[in-house]
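>>> Quick check, what structure comes out for this input:
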Amino acid sequence: MLQQRTIKTLTRAVGVGLHSGQRVELTLRPAQPDTGIVFRRVDLPEPVDIPVAADSIVDTRMASTIGVGAAKVHTVEHLMSACAGLGLDNLYVDITAEEVPILDGSSASFVFLLQSAGVELQNAPKRFIRVTRPVEVREGSGANAKWARLEPYHGFKLRFEIDFAHPAVDSTGQSVEFDLGSGNYIRDIARARTFGFTKDVEMMRANGLALGGGLDNAIVMDDYKVLNADGLRYDDEFVKHKILDAIGDLYVVGKPLLAAYSAFRSGHGMNNLLLRELLANEDAWEIATFESERQAPSGFAQPARAW
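Numbers count the residues shown, from 1 in each chain. The predicted model follows:
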């Protein structure tokens, strides 16, 4: 049987929120089979649990935000991406503020935290959502068109294309495909950082956003070039970060997808619309488990390889 996974021991991190600039403590704790990933706002007078699900996403401007009632947690996508990349099904995430710390702007720090806690196999079958027919969402037309699509595939692969019309971005890869079966998430995707433009940062800060952002946790560009002294971590780091985000955005569905995802100029909002469209069409998906690891697509059976 292909088993569910959690972490062996609890692990902690301290950082600042990308948008809030607030200091935040994160405690990651093991969880029982079939718990899923649950964020817990422990700073509130009465702690509030926010289980991750497609319909728990309440805002997708600038980041993916989950919420229950008035309690929210912003910017969950990088941690969710790390959980997906490591194949973790069950986890409690205790958090002392309303935004996940940005750490280095990628998911690499979360991967390190989770791997240092150790991965524990659990006595319950890992449940997948298998896409059985194509599902697509589209917005805009012509130069403003953007879309995202899921198609049947025995595994999980993503193809993303960006179009920023910026010299620094245009000189790097505009599209990338990543297959969890043949690629290595930790090596190929996890280190790709979030990125922004100085002109946008100034406007965002005026609106109380990006207060925790800087050159140590994001790629920052002016109108012509990358301003980070160390340059890029990957030749195609921009589009790879979009893949990292998409992996995290799609994992909020609560189970790993067996599907091929493709997208053009998509973002957090469109990724969540795609999940809701999938779930609304019950003939487009089914729950799958695997009695033996040999039946499972490659990339899911083995614990994630280290760097």
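
>>> Below-threshold pLDDT in the chain: ranges please.
Filtered on pLDDT under 70, the chain yields the residue ranges 302-307.

>>> Run through the residues that contact the residue nearest to residue 146 when sequence neighbours are not counted.
Closest residue to residue 146 apart from its sequence neighbours, by Cβ to Cβ, 6 or more residues apart in numbering: residue 265 at 3.9 Å. All C-beta spots, glycine's among them, are computed from the backbone N, C-alpha and C. Going by Cβ atoms under 8 Å, 6 or more residues apart in numbering, residue 265 touches 145-147, 161-163.

>>> Would you mind listing which of those residues are buried?
Buried subset of the contacts of residue 265 (neighbour count, 16 or more other Cβ atoms under 10 Å): 146-147, 161-162.

>>> Double-check that residue 33 belongs to a strand.
No: read with DSSP: H, G, I helix; E, B strand; the rest coil, residue 33 is coil and lies in no strand.

>>> Give me the spatial nearest neighbour of it, chain neighbours excluded.
The nearest residue in space to residue 33 (Cβ to Cβ, 6+ apart) is residue 124, at 3.5 Å.

>>> Am I right that that neighbour is in a strand?
Yes: counting by three-state DSSP, residue 124 is part of a strand.

>>> What distance do you get for it to residue 175?
Going from residue 124 to residue 175 by Cβ to Cβ, to the nearest Å gives 38 Å.

>>> what residues go with each domain of the protein?
Using automatic domain parsing, the domain ranges for the chain come out as 3-125, 128-288.

>>> show me what contacts the residue nearest the centre of the chain?
Geometric centre of the chain, nearest residue: residue 248, 1.7 Å, by Cα atoms, centre = their mean. Residue 248 is in contact with 64, 76-82, 84, 107, counting by Cβ under 8 Å, 6+ apart.

>>> try residue 63
Per Cβ under 8 Å, 6+ apart, neighbours of residue 63: 18-19, 74-77, 268.

>>> sorry, back to before: now distance to residue 296 too, for the domains of the chain, in a markdown table please.
Converted to a markdown table, the domains of the chain look like this (distance: least, Cβ to Cβ, whole Å):
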| stretch | distance to residue 296 |
| --- | --- |
| domain 3-125 | 11 |
| domain 128-288 | 9 |
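
>>> does residue 116 count as helix, strand or coil?
Residue 116 - assigned by three-state DSSP - is helix.

>>> now residue 210
Looking at residue 210 with three-state DSSP, the answer is coil.

>>> all helices for the stretch 151-300 of the chain, in order.
Assignment of helices within the stretch 151-300 of the chain using DSSP state H, counting those that start in this stretch yields the ranges 167-170, 185-188, 198-206, 237-251, 268-280.

>>> so what's the most far-flung residue of the chain relative to its centre up against?
In terms of distance from the mean C-alpha position of the chain, residue 45 ranks first, at 28.9 Å (Cα atoms, centre = their mean). With contact set as Cβ under 8 Å, 6+ apart, residue 45 has no partners.
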